[in-house]
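Novice: 3D, please:
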Amino acid sequence: MYTDLSSTGNTLICNKHLMVPTKSFHMVTNRQEVTMIAHEFLLCTKVPDSIGSINSYKDELVFIDDDFVLNNHIPFLSVKMYHNSIGNIAFGLNYYGITILDDRMAEELKRELINFCSDCDDLQKLVRVLNQAIEQKRYIIHFGV
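Specialist: Okay, the predicted model is just below:
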C-alpha cells in the first residue's frame with residue numbers, strides 16, 4: 001500500500017497549439033521509492049483550441065500508470081482515435097502526444113479493454129471516465145508520456 005504520494009510536473013509542447021503538462025509520481029511503498037510515469041485522461045465537454053493549464057480540469061482528470069498502458073496495448077491498438085487534432089485519425093493512443101476520443105471511440109475502447117484486461121485499479125478508473133464520456137456525450141483527451 002502507498003504511504004506517500006506526490007507529483008512533479010514539466011511542460012512539453014506537443015504541437016503548435018497545445019501545451020501539455022507531463023506528470024510523474026514519486027511514491028514510497030514499503031520503504032522502497034518508486035517513480036511512476038503516468039498518462040493523463042481528461043474528460044471535457046468540447047475539445048479546447050489550446051490548453052495552457054489543465055489544473056482547471058483537475059476534477060475531471062485521471063492518471064493511469066504507464067505500465068497499464070504498455071501491458072495492455074492491444075485493446076488500445078484496436079480502436080481508431082484522433083491524434084493531436086480532430087480529423088487526424090489513427091489506430092491506438094498517441095503514446096508521446098495527444099489523443100482525442102469522442103463518445104463512440106470511448107465505447108469501443110471500453111468494450112476492448114473489458115474483454116482483454118484483468119480487473120485492476122487503473123482499469124476501473126479508465127472505465128469510469130469512459131462511461132462518463134459515453135453517457136454524457138463528452139470527449140476524452142489523453143496526454144501521453
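
Novice: let me know the secondary structure of Tyr95.
Specialist: Put simply, Tyr95 is coil when judged by DSSP: H, G, I helix; E, B strand; the rest coil.

Novice: and it, how far from Asp121?
Specialist: Distance, Tyr95 to Asp121, by C-beta to C-beta, to the nearest Å: 21 Å. (Each C-beta comes from the backbone N, C-alpha and C, glycine too.)

Novice: neighbour count for those two, which is higher?
Specialist: Neighbour comparison, Tyr95 and Asp121: the larger count goes to Tyr95, with 15 against 10 (by other C-beta atoms under 10 Å).

Novice: how many residues are close by Asn72?
Specialist: Neighbour tally, Asn72, other C-beta under 10 Å: 20.

Novice: and it, how far is that from Ile141?
Specialist: In this view, Asn72 and Ile141 are 19 Å apart by C-beta to C-beta.

Novice: cool, and Asn71?
Specialist: Going from Asn71 to Ile141 by C-beta to C-beta gives 22 Å.

Novice: ok, now Val62?
Specialist: Distance from Val62 to Ile141, by C-beta to C-beta: 12 Å.

Novice: also Val79?
Specialist: Val79 sits 15 Å away from Ile141, going by C-beta to C-beta.

Novice: in this structure, which spans are strands?
Specialist: Ranges of strands in the chain, per DSSP state E, are 2-13, 19-29, 32-44, 61-65, 80-83, 89-91, 98-101, 139-143.

Novice: mean pLDDT for those: which is lowest?
Specialist: Mean pLDDT is lowest for strand 2-13 out of these, coming in at a mean of 31.

Novice: burial count for the nearest residue to Thr99 once chain neighbours are set aside?
Specialist: The shortest distance from Thr99 to any non-neighbouring residue, by C-beta to C-beta, 6 or more residues apart in numbering, is to His142 (3.9 Å). His142 has 23 neighbouring residues, counting by other C-beta under 10 Å.

Novice: what's near enough to touch His142?
Specialist: His39, Glu40, Phe41, Leu42, Met81, Leu93, Asn94, Ile98, Thr99, Ile100, Leu101 (C-beta atoms under 8 Å, 6 or more residues apart in numbering).
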